[in-house]
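Asks: Build me a model from this:
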Amino acid sequence: MAKSDKKAADKADKAARKAAKADKRDGKAAKVEKQDGKAAKAKKAAPESLKAEKAAAKSVNAEKGGKAGKKAAKADQKAAKKPLPVSPLAPAAFPELPVIEGVAFAAGAAGIKYQGRTDVMLVHLAPGTSIAGAFTRSSTRAACVLDCQDKLRGTQDTAGGAAIIVNSGNANAFTGAEGQRSVDAVTGAVAQALGVPTRRVFSSSTGVIGEPLPAGRIVGIVDELSAGLDAGGIAAAARAIMTTDTFPKGASAEIEADGGAIRIAGIAKGSGMIAPDMATMLVYLFTDAAIEPALLQRILSAQMDETFNAITVDSDTSTSDALILAATGRSAAAPITDLRSRTGRAFAAALRGVMLDLAQQVVRDGEGATKLVEVQVTGAASTADAHRVAMAIANSPLVKTAIAGEDANWGRVVAAVGKSGAQADRDRLSIRFGDMIVAQDGWRAPGYDEAAASAYMKRDSLVLAVDLGIGRGARTVWTCDLTHGYIDINADYRS
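Replies: Numbers count the residues shown, from 1 in each chain. Just a heads-up that it's a prediction; the model follows:
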């Protein structure tokens, strides 16, 4: 090969290798570019993937929250799905109550706790109405109770009208400063709607303790309630304030006085957490009598010990108990100015009768109750001792379960007397079940008949009487038996 040809061949070979290297670099670059493209694509896809992941997590959390919400809703609606059976001790029907001139009622559904029923009552009282009240002595009183007590202190200006607004399903108790703000919001809305002074708007709440009151729901129906006020709406009002009650409670009385008739009508709610000072209940009494506020308060207070402070279902006292008595002064009868007058005495007796009727209805509607029990104590060293003994018997789980089991176990009554703290002498003690003497002079009565006593216990209304044989102190209280129904209600229903 010629030298020139060899040189040309070497040059061509070198160029070929150089081209091959270039192709290899281009291939690597293309590969890198391809990888960069994949990375870029992956990077672009990452936010979408993260969004999907977050959305999935949100969906799971929502599902969990939904399940919790459904569970809570299911618990809240349990009572609505499984209504309580009407007490076997309930009256045949709600009584026909007289219209009290100067009083109008409305009932509405705010959806505070219960579904498919009314849960708010509004009462409008005419100008000139006197107000009196009695409230729980609990040291953990609800905001509405404290507010009412504050408004009733001092001299009342009765020139303007007045109002009462009540909700069921929430006690607005143990709710801190928010509790008073809720009271202010509700009473303020009522005052504006009815044109009455805020200081003359009284509120009550009954239901679950410790949960904030959804005041906005009540405020939201105030105008509707105001538009629906009706002088004959007391029965609907009685239903609106019920919680675990199985029937609405009402009672009335009428007396003839100089110049015309005086009428009294009242409604109440109460079923469980019933014990004195006061018992767990809400009571609203209305009369057309003309009585100044201070005298009205004296008359009311004088009737408490023998009525609402003489009943017990379970010995528990609530945070929200309230009794409000309103006297419109619209009767044609002469004003009552003296408790010792014929009309004053007659009015007090009639009021006591209405209060006792309502108090006994509360016991008849005691949670799970099947028997009404009257406990009579006589021969005590004092009235206070008689009350202690009566309440010790009426609150004794052993006595109450024996009654539920229709067991004439008078020994449990003896034990209750002994634990009461009142002065007692076993050798002077006598016990009756109805008309039958079952124990006497510290021993079983000589003529005691177990079969007859057991037969008596099957009645739905019983009298247990104890004579301490010491003094003249006496007291009568009312209670009911303690059944499985009480446990079922308080275990299954948050009320």
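
Asks: can you map out the helices along the chain?
Replies: Assigned helices in the chain, in chain order: 3-76, 78-81, 143-152, 176-194, 215-219, 222-227, 234-240, 293-303, 342-364, 383-395, 397-404, 410-419, 450-456, 484-492 (criterion: DSSP state H).

Asks: so what's residue 149 up against?
Replies: 133, 135, 141 (C-beta atoms under 8 Å, 6 or more residues apart in numbering). Placement of C-beta: from N, CA and C, glycine included.

Asks: Give me the distance between the second one and residue 322.
Replies: The span separating residue 135 from residue 322 equals 5 Å under the rule C-beta to C-beta, to the nearest Å.

Asks: who's more crowded, the two?
Replies: Ranked by neighbour count (other C-beta atoms under 10 Å), residue 135 and residue 322 place residue 322 first, with 27 against 21.

Asks: Which of the helices of the chain has the lowest mean pLDDT?
Replies: Confidence, taken as mean pLDDT, is least for helix 3-76 of those (a mean of 43).

Asks: What is the nearest of the contacts of residue 149 to residue 235?
Replies: Each of these was scored against residue 235 by C-beta to C-beta, and residue 133 proved nearest at 23.0 Å.

Asks: Might one say that that closest one is in contact with residue 324?
Replies: Yes - with contact defined as C-beta atoms under 8 Å, residue 133 and residue 324 form a contacting pair (5.0 Å).

Asks: what touches both of these two?
Replies: Residues within reach of residue 133 and of residue 324 at once, by C-beta under 8 Å, 6+ apart, are 148, 202.

Asks: Which residue of those two possesses the greater neighbour count?
Replies: Just comparing residue 133 and residue 324: by other C-beta under 10 Å the higher neighbour count belongs to residue 324, 24 against 20.

Asks: quick one: that one from residue 378, how far?
Replies: For residue 324, the distance to residue 378 equals 34 Å [C-beta to C-beta].

Asks: just residue 186 next, same as before
Replies: Applying C-beta to C-beta, the value for residue 186 to residue 378 is 47 Å.

Asks: do the same with residue 227
Replies: Taken as C-beta to C-beta, the spacing of residue 227 relative to residue 378 amounts to 54 Å.

Asks: Between those two, which is the more surrounded one?
Replies: Just comparing residue 227 and residue 378: by other C-beta under 10 Å the higher neighbour count belongs to residue 378, 20 against 9.

Asks: Tell me, what's the model's pLDDT at that one?
Replies: Predicted confidence (pLDDT) for residue 378: 99.

Asks: Could you number the chain from 49 rather than 1 from now on?
Replies: Shifting the count to begin at 49 puts that one at residue 426.

Asks: which residues does it contact?
Replies: 434, 513, 514, 515, 516, 521, 522.

Asks: Kindly report the same for residue 481.
Replies: The contact partners of residue 481, taken as C-beta under 8 Å, 6+ apart, are 456, 458, 501, 504, 505, 510, 511, 512, 513.

Asks: switch the cut-off to 7 Å
Replies: Contacts here follow C-beta atoms under 7 Å, 6 or more residues apart in numbering; on that basis residue 481 touches 456, 458, 501, 504, 512.

Asks: The first one and residue 498, how far apart?
Replies: Right, residue 456. Computed as C-beta to C-beta, the residue 456 to residue 498 distance reads 7 Å.

Asks: Give me the more crowded residue out of the two.
Replies: For residue 456 against residue 498, the residue with the higher neighbour count under other C-beta under 10 Å is residue 456, and the figures read 20 against 10.

Asks: For the more buried one, give me the pLDDT.
Replies: Per the predicted model, pLDDT is 97 at residue 456.

Asks: Do I have it right that it meets residue 502?
Replies: Yes - with contact defined as C-beta atoms under 7 Å, residue 456 and residue 502 form a contacting pair (5.2 Å).

Asks: For residue 298, give its distance to residue 375.
Replies: Taking C-beta to C-beta as the criterion, residue 298 is separated from residue 375 by 18 Å.

Asks: Which residue of the two possesses the greater neighbour count?
Replies: residue 375 (33 against 22).

Asks: give the contact list for that one.
Replies: Applying C-beta under 7 Å, 6+ apart to residue 375 gives the contacts 177, 178, 335, 337, 338, 339, 344.

Asks: give me that answer again for 6 Å
Replies: When the contact criterion is C-beta atoms under 6 Å, 6 or more residues apart in numbering, the partners of residue 375 are 178, 335, 337, 339, 344.

Asks: how close does residue 172 sit to residue 153?
Replies: 8 Å.

Asks: Ramachandran coordinates for the nearest residue in space to residue 404 that is not next to it in sequence?
Replies: Here the nearest residue to residue 404 in space, its sequence neighbours aside, is residue 355; by C-beta to C-beta, 6 or more residues apart in numbering that works out to 4.7 Å. The phi and psi torsions at residue 355 (degrees, to the nearest 10) take the values phi -130, psi -90.

Asks: how near is the closest residue to residue 223 other than its chain neighbours to residue 517?
Replies: The spatial neighbour of residue 223 that comes closest, neighbours along the chain excluded (C-beta to C-beta, 6+ apart), is residue 260 at 5.5 Å. As for residue 260, its distance to residue 517 is 54 Å (criterion: C-beta to C-beta).

Asks: if you count what's nearby, which of these two comes out ahead?
Replies: More crowded of residue 260 and residue 517, by other C-beta under 10 Å: residue 517, with 16 against 13.

Asks: quick one, what contacts that one?
Replies: For residue 517, the set of contacting residues under the criterion of C-beta under 6 Å, 6+ apart consists of 427, 476.

Asks: go with 7 Å
Replies: Counting by C-beta under 7 Å, 6+ apart, residue 517 has contacts 427, 473, 476, 477, 478.
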